[in-house]
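S.K.: okay, predicted coordinates and the sequence, questions at the end:
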Amino acid sequence: MLDRNDILAFEESRSRLLGLAYRIFGSWADAEDAVQDTFLKWQRADRALIANPAAWLTTACTRRCIDMLRAPNKARVDYVGPWLPEPIQTATAGVPEESLSLASSLSTAFLLMLERLTPKERAAYLLHDIFEMPYAEIAQTLCIQESTCRKLVSRARESIAQGKVRHITPVARQEQLLAAFEDALTSGSTDPLAALLSDEIELSADSGGKVPTLQQILHGKAAVLAFLAQARQWWNAYEWITSEINGSRGIILQKDGVTTASIAFAYDEGGTVTNIYIMRNPDKLSRLHEARPLD
């Protein structure tokens, strides 16, 4: 049986565990499953022998995430169309600079970059560079030598640096993009939007094969603008809600109170839009109305 202190120790770590697991999976549903499994293991553990509950819970959750990633049913070979991380609502208004930096590790572009890493590279990088865990503790968590752990973090850090996905785009620039994007979809005036887009911009839409949407990634400004011109005919029928999605400004589309799509953006270091991410998969939109912690 768990006593009050045991429950409190777990609840104090819950937000951190969810933040870690979500970044590992790119799925809030999977993150909740991993954290629930961690709680069940916490219930069965001899807690009198655990000197540091937070460290124990982080280790147990990380190992569970890696096991889940390696499970055969996690392979996305049968996924229909492009796969995107499940979008979440966040709130960074008025938070300190370190929290804004943490929010950058929730961006869709960053989560997609993590997908390119091995499970252990992903876990080691997150634990060290995002959650500031010492190498020795990470090595113990992953059951590897500390020297191996350092190599995993170094390789992951190099890949992420090459992707240039960890920077903060000024809010004013994000709002300028949202205004130009909405104007292009409502009035058909695309010149202000075109000026903000990279020539090599990509547009990806994730439906999981459950609703109609693009099945291929669009490449280049001309293709993206042509798609947006076509999208006017159906997007104008929806209510547009400006929201913070994965740490930056985005758009939620609703009809009759039901969320049918979300739109998020990625920027380069100069504030030019490099990616547009459209989520249409209803399974990944079902939790979007719930604000999530930044941990």
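M.R.: Happy to help now that I have it.
S.K.: pLDDT below threshold where in the stretch 51-200 of the chain?
M.R.: The model of the stretch 51-200 of the chain has pLDDT under 70 over residues 73-75, 92-102.
S.K.: this protein: strands as residue ranges?
M.R.: Counting by DSSP state E, the chain has strands at residues 197-206, 218-219, 239-245, 248-255, 258-267, 273-279.
S.K.: number of nearby residues for Leu196?
M.R.: 18 (other Cβ atoms under 10 Å). C-beta here means a position set from N, CA and C on the backbone, and glycine is covered the same way.
S.K.: next one: phi and psi at it?
M.R.: Main-chain dihedrals, Leu196, degrees, to the nearest 10: phi -100, psi -10.
S.K.: my read: it touches Thr272, true?
M.R.: Yes - Leu196 lies in contact with Thr272 (Cβ atoms under 8 Å); the separation is 6.6 Å.
S.K.: what sits against Arg155?
M.R.: Contact partners of Arg155, counting by Cβ atoms under 8 Å, 6 or more residues apart in numbering, are Leu117, Glu121.
S.K.: now the strands of the chain in a markdown table, with mean neighbour count and distance to Ser187?
M.R.: Putting these into a markdown table (neighbours: other Cβ atoms under 10 Å; distance: least, Cβ to Cβ, whole Å) gives the following:
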| stretch | mean neighbour count | distance to Ser187 |
| --- | --- | --- |
| strand 197-206 | 19 | 17 |
| strand 218-219 | 16 | 22 |
| strand 239-245 | 17 | 13 |
| strand 248-255 | 20 | 16 |
| strand 258-267 | 22 | 17 |
| strand 273-279 | 23 | 19 |
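S.K.: Ser104 is nearest to which of the ones you listed?
M.R.: Ser104 lies closest to strand 248-255 among these, at 8.5 Å (Cβ to Cβ).
S.K.: partners of that closest one in the sheet?
M.R.: Its sheet considered, strand 248-255 pairs with strand 239-245 (antiparallel), strand 258-267 (antiparallel) by DSSP bridges.
S.K.: break the chain into its domains for me.
M.R.: 4-81+96-163, 171-285 (automatic domain parsing).
S.K.: out of the strands paired with strand 248-255, the one nearest Lys284 is which?
M.R.: strand 258-267 (8.6 Å).
S.K.: how about the CA coordinates for the closest one, as CSV?
M.R.: Provided in CSV are the C-alpha atoms of strand 258-267 (Å, rounded to 0.1, in the frame of the first residue of the first chain):
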residue,chain,number,x,y,z
VAL,A,258,-14.9,20.0,-32.3
THR,A,259,-11.2,20.4,-33.1
THR,A,260,-10.6,19.3,-36.7
ALA,A,261,-7.0,20.5,-37.3
SER,A,262,-4.1,22.2,-35.8
ILE,A,263,-1.4,24.2,-37.6
ALA,A,264,2.1,24.7,-36.2
PHE,A,265,5.3,26.3,-37.7
ALA,A,266,9.0,26.0,-37.6
TYR,A,267,11.5,28.8,-38.2
